[in-house]
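K.L.:
Prediction below, plus the sequence it came from.
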Amino acid sequence: MPLLVSSLKTPVGTLNLLADDQILIGANLSTITAFNVSGEVKSVKVIPVISDLISDYFDGDLTAINAIKVRQPGAAFSQAAWKAMRKVNAGKVISYSDLAEKAGSHAAVRAAGSACASNAIMLVVPCHRIVKTGGALGNYAYGVDKKEWLLSHEGFL
């Protein structure tokens, strides 16, 4: 079965999605070619269920994206960090230090930051909810303005 690729217009830009059936394996605001996949890929107008849930999120149902199944390759610590990110509710943030602890190593703050930076499924694996100790927003791959918009949309800012 081919991977499905689609683009969705959102308030933060065009969100490119890559799915293996009903499992989201990529989401970015850069380009579809940034997914760098081999094998058969089919371009579709919408990805069943996934596109609707993301639209619902932008329409105000902030918990809708929690129902999306995800998968991405990565080391054990990154997997643990991504899983921990998904447990941070909309409207809440945690620090990189908190993320490191929740992922299993309180000393792995840099690794927590790296897990955020290498996250291939933006929004659904909500790395935008990770901030610096003390509350400063920190970096975001797509620009701090997009991070601010998402956190404002979720009621944190």
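P.N.:
Arrived safely, thanks for sending.

K.L.:
Relative to residue 75, how far out is the nearest residue to residue 31 once chain neighbours are set aside?
P.N.:
Leaving aside its chain neighbours, residue 31 sits nearest to residue 16 (6.7 Å; criterion: C-beta to C-beta, 6 or more residues apart in numbering). (Glycine included, C-beta is placed from N, CA and C.) Going from residue 16 to residue 75 by C-beta to C-beta, to the nearest Å gives 24 Å.

K.L.:
Looking at those two now, which is surrounded by more residues?
P.N.:
Between residue 16 and residue 75, counted using other C-beta atoms under 10 Å, the more crowded position is residue 16 (20 against 12).

K.L.:
wait, the more buried one sits on residue 26?
P.N.:
Yes. Counting by C-beta atoms under 8 Å, residue 16 touches residue 26, with 7.4 Å between them.

K.L.:
Common neighbours of those two, please.
P.N.:
residue 35 (C-beta atoms under 8 Å, 6 or more residues apart in numbering).

K.L.:
Grab the nearest non-local neighbour of residue 142.
P.N.:
In space, residue 142 is closest to residue 29, 4.6 Å off (C-beta to C-beta, 6+ apart).

K.L.:
Quick check: the gap between that neighbour and residue 138.
P.N.:
17 Å.

K.L.:
Kindly report the same for residue 11.
P.N.:
In terms of C-beta to C-beta, residue 11 sits 21 Å off from residue 138.

K.L.:
Those two: who's more crowded?
P.N.:
residue 138 (18 against 10).

K.L.:
That one against residue 127, yeah?
P.N.:
No. Residue 138 is not in contact with residue 127 according to C-beta under 8 Å; the separation is 9.9 Å.

K.L.:
least trustworthy helix or strand in this protein by mean pLDDT?
P.N.:
In the chain, the helix or strand scored least confidently by mean pLDDT, DSSP states H and E is strand 41-43, which has a mean of 94.

K.L.:
so how far is it off the chain centroid?
P.N.:
On the basis of C-alpha atoms, centre = their mean, to the nearest Å, strand 41-43 sits 21 Å off its chain's mean C-alpha point.

K.L.:
ok, now stretch 77-95?
P.N.:
10 Å.

K.L.:
Name the residues that touch that stretch?
P.N.:
62-63, 66, 70, 72, 74, 99-100, 102-105, 108, 111-112, 114-116, 118-119, 121, 124-127, 129-135, 151, 154-156.
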